[in-house]
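Engineer: next one to model:
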Amino acid sequence: MTNILEMKPDQQVSVRDLFGIDLDLMVPAFSERDAHVPEVDSAYRFNADVTLAILAGFMKDRRVMVQGLHGTGKSTHIEQVAARLNWPCTRVNLDGHISRLDLVGKDTIVLRDGKQVTEFQEGIIPWALQRPTALIFDEYDAGRPDVMFVIQRILERDGKFTLLDQNKVIRPNPYFRLFATANTVGLGNLNGLYHGTQLLNHAQVDRWNIVTTLNYLPHAEEVEIVAARVETMNNERDRKILSGMVALAELTRNGFAAGDLSTLMSPRTVISWAENYEIFRDLGVSFRLSYLNKCDDAERGTVAEYYQRCFDAELPESYAVDMQNMEGSNNAGSTGS
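Structural biologist: Residues are numbered from 1 along each chain as shown. Below is the predicted model of the structure:
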């Protein structure tokens, strides 16, 4: 098998053939698949504008950030582009536990000839920089400040990385690529939805050459994706149910945008609902377990109204049910008196 350090793109492939985008554009790709290449998801649907932005990153070594609400498939979008180009890919989640040492490297104790010796172990950045790989920083705006300044070094045009402890300068592989995903564009937790996100300074954000936004898919395409994920529901009867699920999800997104809800249904949640419906075969129970129980108590009546609009059925949380119960109690009280 070819050494990954020696690998390089050895063919040009058509954007029209791979992604269905009507452009006479050829992009570099690998003919061999490496263990680090993501698996191709045939059910994935590509957003044309976001795909072109990501392809620019692969073609011209642009630093690309994909921004959008949760569940829109930002990281998956990058991985699926890489999968079709056979481009090795490494994904790192910048949660609060990732430190500077994880990225740069640290001294560790290893056994050599039966003796314990101290040896420097490279972090993810030096490892990736020397290889033809796409490094994805997931949840980029949740990274700690010390981590952000480490990443800032490789956002420069030359991208050289200095290991001070080792007195070593690493020059990036010609086919190293850098991507990031974020829920906000360095604005922090403005609306209370993304706890743990950080305010990023403008100099940090400005170093990203391309910033693109990935929104939720059109109704019909989202139905197609859910049907592909839950194959037992890919029939005429259940597709009507899936269409109602997606319509309800769209209502929660509109409600979130209007400030009526603090939690929305992402495509990921819709797929979970369909999978749970496959288990319980009860639309209301599976909806409650998949989404409704995540909502604030004060918002459940609103969500139940959305459910009634889409499926013409009442949930116990519905305002209409509450009113009927109140009227029943009042009538019982009147009869008793």
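Engineer: and the residue nearest to residue 316 when sequence neighbours are not counted, how far from residue 291?
Structural biologist: Distances taken as Cβ to Cβ, 6 or more residues apart in numbering place residue 304 nearest to residue 316, at 7.9 Å, with adjacent residues excluded. Yep, even glycine has a C-beta here, placed from its N, CA and C like the rest. Look at residue 304 and residue 291: by Cβ to Cβ, to the nearest Å, they are 11 Å apart.
Engineer: report the buried residues of the helix or strand in which the residue nearest to residue 316 is found.
Structural biologist: Using DSSP states H and E, residue 304 sits in helix 300-311. Using 16 or more other Cβ atoms under 10 Å as the test for burial, helix 300-311 gives 300-308, 310-311.
Engineer: do stretch 230-241 as well
Structural biologist: Those would be 230, 233, 238, 241, for stretch 230-241 by 16+ other Cβ under 10 Å.
Engineer: where does the chain have low pLDDT?
Structural biologist: Along the chain, the parts satisfying pLDDT under 70 run over 1-2, 185-201, 319-337.
Engineer: and the strands in it, which stretches?
Structural biologist: Taking DSSP state E as the test, the strands found in the chain are 11-14, 26-29, 64-67, 89-93, 105-112, 115-122, 134-138, 161-163, 168-170, 177-182, 210-213.
Engineer: what's the local residue count around the closest residue to residue 61 other than its chain neighbours?
Structural biologist: Spatial nearest neighbour of residue 61, excluding adjacent residues (Cβ to Cβ, 6+ apart): residue 177 at 6.5 Å. If you count neighbours by other Cβ atoms under 10 Å, residue 177 ends up with 26.
Engineer: ok, what's across the strand from residue 177?
Structural biologist: With DSSP bridges applied, residue 177 shows beta-bridge pairing to residue 134.
Engineer: quick one, which of the strands of the chain is packed in tightest?
Structural biologist: strand 177-182 (a mean of 26; mean count of other Cβ atoms under 10 Å).
Engineer: what sits up against that strand?
Structural biologist: 54, 57-58, 61, 63-68, 74-75, 78, 87, 133-141, 154-155, 197, 208 (Cβ atoms under 8 Å, 6 or more residues apart in numbering).
Engineer: how about stretch 32-43?
Structural biologist: Residues contacting stretch 32-43 (Cβ under 8 Å, 6+ apart): 2, 4, 7, 30, 76, 79-80, 82-84, 86-90, 133, 225, 228-229.
Engineer: generate a ChimeraX selection restricted to the buried entries among those residues.
Structural biologist: Per 16+ other Cβ under 10 Å, the buried members of the contacts of stretch 32-43 correspond to this ChimeraX selection:
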select :7,30,76,79,80,82,83,84,86,87,88,89,133,225,229
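Engineer: biggest helix in this protein, by residue count?
Structural biologist: Longest helix in the chain, counting residues (DSSP state H): helix 236-258.
Engineer: what's the domain layout of this structure?
Structural biologist: 4-213, 219-324 (automatic domain parsing).
Engineer: straight-line length of the first one, end to end?
Structural biologist: Read it as domain 4-213. Domain 4-213 stretches 32 Å from its first residue to its last (Cα to Cα, to the nearest Å).
Engineer: where do the helices of the stretch 1-150 of the chain begin and end?
Structural biologist: Counting by DSSP state H, counting those that start in this stretch, the stretch 1-150 of the chain has helices at residues 15-19, 48-60, 74-85, 100-104, 124-129, 145-154.
Engineer: which of those helices sits closest to residue 173?
Structural biologist: Smallest distance to residue 173 across the helices of the stretch 1-150 of the chain (Cβ to Cβ): 6.7 Å, for helix 124-129.
Engineer: what's the closest one packed up against?
Structural biologist: In terms of contacts (3 or more Cβ pairs under 8 Å, 6 or more residues apart in numbering; DSSP states H and E), helix 124-129 is packed against strand 89-93, helix 100-104, strand 134-138, helix 145-154, strand 161-163.
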